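# what follows is a predicted protein model with its sequence.
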Amino acid sequence: MDKYRVTLTTEERVGLEQLVSKGKAAARKLAHARILLLADTHGENLIDEDIVDVLGTSLRTIARVRQQFVTLSLEAAINRKSQPLRPDKIKIKGDLERKLVQLACSEPPEGRCHWTLQLLADEMVVLGLIDAVSTETVRKALKKTTSSPGSLRPGAFRPRPTPSTSGEWKT
């Protein structure tokens, strides 16, 4: 495994020391800042095994933080990398979403007083609109819709009134 040498500038070192001394950041961010401070060639300059003993992290984490600092930047080594958007993972969109809303706003099946998420998911499969779908996918698709029959409020289902929590008696 290649060993990357961490050499912090004075400004970087002061910034990391302030971050660690405040302690008002994510635990991962603070741990990575401590790793860089301990691995700095002008500072502690500890070997990776000693950093593991001091901080209780893994050797792989220390190697990854060193590599990110040297190859990318200080910000990349400290901050968490954001997850990429995955539009291909969305199963219900566009025309299929419109058909789901139409189904949810239609009359429920015989013997039922309203549609459930499971009934909607099963009905979409039976109609051949989609091969398989979970109730969570149906819930997310309905939550972001803006159509509701007979209501000015967004959503496929009408909200139920909530009881008063003030403790007052109704007369």
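Sure, I can see it.

# what residues are up against T7?
The contact partners of T7, by C-beta atoms under 8 Å, 6 or more residues apart in numbering, come to D40, T41, H42. Any C-beta I mention is one placed from the backbone N, CA and C, and that applies to glycine too.

# enumerate every residue touching the residue nearest to the first one when sequence neighbours are not counted.
Excluding its sequence neighbours, the residue lying closest to D40 (C-beta to C-beta, 6 or more residues apart in numbering) is L8, at 4.6 Å. When contacts are counted by C-beta under 8 Å, 6+ apart, L8 is found next to L16, L36, L37, D40, H42, G43.

# count of residues packed around A104?
As a burial measure, A104 scores 24 neighbours (other C-beta atoms under 10 Å).

# hmm, it is touching L117, no?
No: using C-beta atoms under 8 Å, A104 and L117 do not qualify as a contacting pair, with a distance of 9.4 Å.

# shared neighbours, these two?
Shared contacts of A104 and L117, counting by C-beta under 8 Å, 6+ apart, come down to L142.

# just to revisit the earlier point, out of the contacts of T7, who has the most neighbours?
Ranked by neighbour count (other C-beta under 10 Å), these have D40 at the top, with 20 neighbours.

# any idea what that residue is bridged to?
V6 (DSSP bridges).
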